[in-house]
Each structure stands twice: as structure tokens, then as C-alpha cells.
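K.L.:
sequence? don't have it. structure:
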């Protein structure tokens, strides 16, 4: 007896697929398990790893700076600062947070408390620090490659110019 295979219907979801999840948009249902998946790296991990290393260094710098700028009475507010990195497709976001209830009064001030702006003052200096660290990281990662590339280009131009001169 010949084995029969089900007819392929691209508009019907494969109900027997493992982890079958669906997405419904405007009444149309799309499968979350594609039958064809093509992936590729836009670039090898060198620049992105350099960005993340610079971001982690900046995260530590920002935490130290905001803690240094904090008032200390009991030390609770200073100890409660934490930072988070959120990498995304359009960049890396750094957030500086504190969950102690009176931090907002210290940060932004009240009628009787002048604003300390601990986190607000930290962000611009953290951005500058990130830029210098990123430049340093990229120089470390790509510096050798750029030097060899420049040497190779110089060799090509030298050979072209020497061949031109001997041909005349």
C-alpha cells in the first residue's frame, strides 16, 4: 500500500508542530514556527562586544558616581542605587534607579529641600564616559585590523606607482 502524504496548504498552520504558537493580526492567523528560517550575522561580534564592554564599564562608573553624589544620613539611599543596561537594535540604554521612597524628594527637591540631581547629573557624564570607553574599546578591537589594512593599501599604491614609473 502506498504511503500518502497530506496536501501542503501554506495558509493552514501545522497543528502537529511542537511549540505551535499563533499570532493573530486583523483576523489573520500567522504561525510562529516558520517552515523556512534564514538567519545571518550583519557583522561578526567584534563591534557589538566592544559596545557592550564599554556599556558595562559605563554602568559601573554611573553607579559609583550616583552613589558618591548621594546624601548620607543612614546610608539607605546610597546603598539602594542600581543600574540596568537594555541593549536593543537602536543602541544601548542605561537606566539609573532607586526604590527608596524619599529619593525623589532628594533628586528633584521640595519647597524645603534643594534638588540634589544625583542621577540627573550622572547621565551626561556617563554618556561622555561611554564615548571615550567605546573609542578605546574599538581602537583595541579594530586597531590591529585597521593598521594591517592601511599597510596593505600602502603596499598596493606603492606597487602601482612603481609599475607606472617603470612603464614610461
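P.N.:
Thanks, I have it. Remember, it's a predicted structure, so these values are computed and weren't measured experimentally. Numbers count the residues shown, from 1 in each chain.
K.L.:
which stretches of this structure have low pLDDT?
P.N.:
Residue ranges of the chain with pLDDT under 70: 1-47, 143-150, 152, 157, 160, 164-168.
K.L.:
Tell me which stretches of it form helices.
P.N.:
Using DSSP state H, the helices of the chain run over residues 46-69, 76-79, 103-108, 118-167.
K.L.:
which stretch among those comes nearest residue 96?
P.N.:
When the helices of the chain are compared by CB to CB, helix 118-167 sits nearest residue 96, at 4.4 Å. For glycine as for every other residue, the C-beta is placed from the backbone atoms N, C-alpha and C.
K.L.:
about what we covered before: quick one: closest of the helices of the chain to residue 86.
P.N.:
helix 46-69 (9.8 Å).
K.L.:
okay, the angle between that closest one and helix 118-167?
P.N.:
150 degrees (axes from the mean of the first three to the mean of the last three CA atoms, to 10 degrees).
K.L.:
residues making contact with helix 46-69?
P.N.:
78, 81-83, 85, 87, 92, 94, 96, 116, 118-119, 121-123, 125-126, 129-130, 133-134, 136-138, 140-142 (CB atoms under 8 Å, 6 or more residues apart in numbering).
K.L.:
Please produce a markdown table containing the helices of the chain, extended by mean neighbour count.
P.N.:
Listed next are the helices of the chain as a markdown table, based on neighbours: other CB atoms under 10 Å:
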| stretch | mean neighbour count |
| --- | --- |
| helix 46-69 | 17 |
| helix 76-79 | 16 |
| helix 103-108 | 16 |
| helix 118-167 | 13 |
